[in-house]
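In: Any chance you can model this:
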Amino acid sequence: MRIWLVLSLVLNGLLIGFIAGDLSRPIDVARTLGSFSAHYPDEIRRDIRSGIWEERQIIMEELAELNSTRTELFTRMRLPETDRTSLEGLMAEVRQRTTALQERFQILTLDAVMAVPPDVRQRIEIPRGSLDLETVIADS
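Out: Residues are numbered from 1 along each chain as shown. The predicted model follows:
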């Protein structure tokens, strides 16, 4: 049961990383995934990478759509006349696209975790530290 909590925290950290990062820049998925997958043994990381490779076209399209929506959001924020309803709609679209990507990565991770024997899963490292508001809003 503890493994599911750890997976949930790590993968939710991925989402928080998307949100807490500089939202005006494209998401650096390789860096983010490398950071979050560091807690997993090589066998699991290899399976995660393999799954990402197999779904790379879909993931690249989803990322392009997310980045395009984010660009549109920030472009509209800069307009002299900003429409709140339009911005709310774009923010909802960013959330939906981010959630869809998070779900895709969670499923790939779950598939990789379930594909290895228990002795390999025992080597999953529990992340140190915790997610808190200061970490999320820290000026980096």
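
In: and the gap between E88 and P41?
Out: Taking CB to CB, to the nearest Å as the measure, E88 falls 42 Å from P41. Backbone N, C-alpha and C define where each C-beta goes, glycine included.

In: The two: which is more packed in?
Out: Taking neighbours as other CB atoms under 10 Å, E88 and P41 compare with P41 leading, 16 against 10.

In: Surely the more buried one touches D119?
Out: No: using CB atoms under 8 Å, P41 is not in contact with D119; the gap is 9.6 Å.

In: helix, strand or coil for P127?
Out: Secondary structure assignment for P127 (DSSP: H, G, I helix; E, B strand; the rest coil): coil.

In: Could you check how many residues crowd around it?
Out: If you count neighbours by other CB under 10 Å, P127 ends up with 14.

In: how much space is there between it and F105?
Out: For P127, the distance to F105 (CB to CB) stands at 16 Å.

In: same thing with E125?
Out: With distances taken as CB to CB, E125 is found 18 Å from F105.
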